[in-house]
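Undergrad: The following comprises the amino acid sequence and a computationally predicted model.
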Amino acid sequence: MPKKESYNFGNCFIACKKITNLELLVSVLLLAQCYPSECLGNSLYPKPIDANSWPDKFPAKSHCSKCGLCETKYVTHVVDACAFLEDGMKRNIDGLESIVHGRRRKPDAHEDTNGIADEARFGVMHSPMFLARGRDIPNAQWTGCVTGIAVSMLESKMVDAVVCIASGDDGVDGWSNPEPILARTVQDVMRGRGVKPALAPSLRVLDELRESPDVKKLLFCGVGCAVQAFRAIQGELGLEEVFVLGTNCADNSPTPEAARNFLRRSVPNLTDINTILGYEFSQVSVYFLIQHIILTIPSFSQLRCLSYYGMKDFRVHVKYTGDDKASSPVTYERLPYFCLPGDVAQFAIADSCLACFDYTNALADVVVGYMAAPIDSNNFRMHQSQQTITVRNTRGERMVQSAVNAGRLEIGAVASGAGNHEKFASATVSSDNIVQAMVGGKMQEQGMPRFIGEIMATIMTSVGPKGVNFARYSIDYHVLRNYLHVLDIWGENATMKKLPDYAQSVVNNYLETDETFKRIVSKIKSKK
């Protein structure tokens, strides 16, 4: 054990191990939040950081993902738990993976000829990633795989409570307002249906959990950064059994208002007169399309810097009803994201998401996603589509089986894919507005006319990677883009400390094989 030293700050004392300067600074900041009356002897009872002071008074500042840990009395664990302080992402994923799952992922298990998901990118797998649909979960954004598993575990007494993110109770904008809850009933869990597009403070309920001695077995639902922080402090909670149900996650909006602004600017004709239920959107590169398909059309050259994050048919899918939810049918608007404003990332993507390398939620027992699932671009509906499920260990196997036994989950085939993903990932990075801003390139502000965007989305869906290979493309793109962001903000030495091993492997592969990516890296390094 490291030698412990006591630091005296006025009337407060803290016993801490040998620490770095940053850790000491964070400790001082936290001590400043203490109630003097609560400092008894060498015990420190910290005051949670006020959520209204985010992000300026939070340790990770603008790169805080608002996971909720610092808003609880567990705030003193932030140095060892936060995914965005120092080597947090690498420390958590590489350090906890074997503790949580019993082994590390196989770093040399890359894609095979059948397009089956590999551990190198997708993380530890107890069994191959498979397709699934939820059953009997009304009003789910997708088919209800996550909600079905959570409800089944609660009904079968596998757990006493579920930590999940509910939609805020504020009328038409509730879809965008994440509200963390400690759910004890099926009705409570049902409030968690639907994807919340803004940063969500899942761990804010930890103080309530600590004051609930009747909760001995817990299901925690969350995205990668929240799951990392939860795993780091899990041993402090005094629980008998813990299960973690994760989702794939990338590029959330920093605030609910930012998520609403994204839709107001993208589909203003919908947001003024309808009730939004949710949306999904994915990633493509117009640059790739120009180079490989329509290079002969000079008038399209001005579009080279457009790229966005979105669905596998290269369209934003907005799910909505009329003003009267009870009588209005569920309808979808599918907007080619080539038509989105070019500056969407400047207001719609949180800084923390640009520094994240946990798209696949490495520390969850079960992960639900959709990027590797097939899509019928002619008749696609989120509430009818298949999703993907990754089971990482025997706990995860029990979780999925509980939903199957309850008739709330329908298991399909092993997920597979086809098509080259690396060229798409490289082209997307080189044309991305975020990356162009780093290297002083030209950024396109306006999207395409709708009819051109529809044509391009159709072509891209046809020629692009499919299924698991589309997911590989999306993972590689986010790893490369976020590596460049971290490199630009913190420099090379700090960046290499932050990258998990798998992410370093992805980056190194492109540095060795892709001259365009190598030039971008050199430009960013030359700025320092």
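TA: Looks like it arrived, so ask away. Numbers count the residues shown, from 1 in each chain.

Undergrad: so where is the stretch 51-200 of the chain shaky, pLDDT-wise?
TA: Along the stretch 51-200 of the chain, segments meeting pLDDT under 70 span 109-114, 169-176.

Undergrad: Which parts of it are strands?
TA: Counting by DSSP state E, counting those that start in this stretch, the stretch 51-200 of the chain has strands at residues 130-134, 161-167, 178-183.

Undergrad: Tell me which of these is the most buried.
TA: strand 161-167 (a mean of 25; mean count of other CB atoms under 10 Å). Every C-beta, even on glycine, is put in place using the N, C-alpha and C of the backbone.

Undergrad: partners of that one, with directions?
TA: For strand 161-167, the paired strands and their directions (DSSP bridges) are strand 178-183 (antiparallel), strand 217-222 (parallel).

Undergrad: want to throw those strands into a markdown table with distance to Ser65?
TA: Below are the strands paired with strand 161-167 laid out as a markdown table (distance: least, CB to CB, whole Å):
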| stretch | distance to Ser65 |
| --- | --- |
| strand 178-183 | 12 |
| strand 217-222 | 11 |
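
Undergrad: For His101, find the nearest of those strands.
TA: Of all those, strand 217-222 sits nearest to His101, with 15.6 Å by CB to CB.

Undergrad: Confirm that Phe424 sits in a helix.
TA: Yes. Counting by DSSP: H, G, I helix; E, B strand; the rest coil, Phe424 falls inside a helix.

Undergrad: Near it, how many other residues are there?
TA: 27 (other CB atoms under 10 Å).

Undergrad: do you know how far it is from Val435?
TA: 15 Å (CB to CB, to the nearest Å).

Undergrad: What of Arg104?
TA: Going from Arg104 to Val435 by CB to CB gives 31 Å.

Undergrad: repeat for Phe130
TA: According to CB to CB, Phe130 stands 34 Å off from Val435.

Undergrad: again, but for Ala232
TA: 31 Å.

Undergrad: same thing with Ala226?
TA: Between Ala226 and Val435 the computed distance is 27 Å (CB to CB).

Undergrad: can you check Ala117 too?
TA: Distance from Ala117 to Val435, by CB to CB: 27 Å.

Undergrad: ok, His63 - contacts?
TA: The contact partners of His63, by CB atoms under 8 Å, 6 or more residues apart in numbering, come to 55, 84, 351-352, 355.

Undergrad: Closest one to Ile452 out of these, please.
TA: Of all those, Asp351 has the smallest distance to Ile452: 31.9 Å, by CB to CB.

Undergrad: Look at Val244 and give its secondary structure.
TA: Recorded secondary structure, Val244: strand (three-state DSSP).

Undergrad: Identify the residues contacting it.
TA: 219-222, 227, 230-231, 363-366 are the contacts of Val244 under CB under 8 Å, 6+ apart.

Undergrad: Would you mind listing where this protein has pLDDT under the threshold?
TA: Along the chain, segments meeting pLDDT under 70 span 1-45, 109-114, 169-176, 266-312, 319-330, 332, 344-345, 376-383.

Undergrad: Excluding chain neighbours, what is closest to the residue sitting nearest the centre point of it?
TA: For the chain, Cys249 is the residue whose C-alpha lies nearest the centre (CA atoms, centre = their mean; 2.3 Å). The shortest distance from Cys249 to any non-neighbouring residue, by CB to CB, 6 or more residues apart in numbering, is to Val223 (3.8 Å).

Undergrad: Same question for Ile411.
TA: Ala132 (5.5 Å).

Undergrad: That neighbour contacts Thr390, correct?
TA: No. Taking CB atoms under 8 Å as the definition, Ala132 is not a contact partner of Thr390, at 10.5 Å.

Undergrad: Measure how far the longest helix that the chain contains is from the centre of its chain, please.
TA: Looking across the chain with DSSP state H, the single longest helix is helix 468-490. What separates the centre of helix 468-490 from the centre of its chain is 13 Å, taken as CA atoms, centre = their mean, to the nearest Å.

Undergrad: Repeat that for stretch 83-96.
TA: Distance, centroid of stretch 83-96 to centroid of chain: 15 Å (CA atoms, centre = their mean).

Undergrad: Buried ones in that stretch, by neighbour count?
TA: Residues 83-94, 96 are the ones in stretch 83-96 that count as buried (16 or more other CB atoms under 10 Å).

Undergrad: Tabulate the residues you listed (TSV), appending distance to Thr495.
TA: Formatted as TSV, the buried residues of stretch 83-96 follow (distance: CB to CB, whole Å):
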residue	distance to Thr495
Ala83	15
Phe84	13
Leu85	14
Glu86	12
Asp87	10
Gly88	13
Met89	11
Lys90	10
Arg91	14
Asn92	16
Ile93	15
Asp94	15
Leu96	21
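
Undergrad: Nearest to Gly417 among the residues you listed?
TA: Ile93 (23.6 Å).

Undergrad: ok, the closest one - contacts?
TA: Applying CB under 8 Å, 6+ apart, we find Ile93 in contact with 228, 357-358, 362-363, 500, 502.

Undergrad: For Lys527, see how far away it is.
TA: Relative to Lys527, and taking CB to CB, Ile93 is found at 28 Å.

Undergrad: And Ala471, by the same measure?
TA: Distance, Ala471 to Lys527, by CB to CB: 32 Å.

Undergrad: For the two, indicate the residue with more neighbours.
TA: Counted by other CB under 10 Å, Ala471 and Lys527 do not tie: Ala471 has more neighbours, with 28 against 11.

Undergrad: so Arg210 touches Leu182, yeah?
TA: No. Using CB under 8 Å, Arg210 is not in contact with Leu182, being 10.6 Å away.

Undergrad: So for stretch 414-428, what gets flagged as buried?
TA: In stretch 414-428, counting by 16+ other CB under 10 Å, buried: 415-417, 419, 421-428.

Undergrad: Same list (those residues) but as TSV, adding distance to Asn493.
TA: TSV is the format used below for the buried residues of stretch 414-428 (distance: CB to CB, whole Å):
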residue	distance to Asn493
Ala415	38
Ser416	40
Gly417	36
Gly419	37
His421	30
Glu422	27
Lys423	31
Phe424	31
Ala425	25
Ser426	25
Ala427	29
Thr428	27
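
Undergrad: Pick the one among the residues you listed closest to Ser62.
TA: Thr428 (24.2 Å).

Undergrad: After the helix or strand containing the closest one, which helix or strand is next?
TA: Thr428 belongs to helix 422-431 when assigned by DSSP states H and E. Next helix or strand after helix 422-431 toward the C-terminus (DSSP H and E): helix 433-439.

Undergrad: can you list contacts of that next one?
TA: 305-307, 342-343, 345-346, 349, 354, 429, 441-444, 481, 484-485, 488, 520, 523-524.

Undergrad: ok, and for stretch 394-410, which residues are buried?
TA: By 16+ other CB under 10 Å, the buried positions in stretch 394-410 come out as 395-396, 398-404, 406, 408-410.

Undergrad: hmm, back to that, figure out which of the strands of the stretch 51-200 of the chain is closest to Phe451.
TA: Between the strands of the stretch 51-200 of the chain, strand 130-134 lies closest to Phe451; by CB to CB that is 33.5 Å.

Undergrad: partners of that closest one in the sheet?
TA: Assessed with DSSP bridges, strand 130-134 is paired to strand 387-391 (antiparallel), strand 409-414 (antiparallel).
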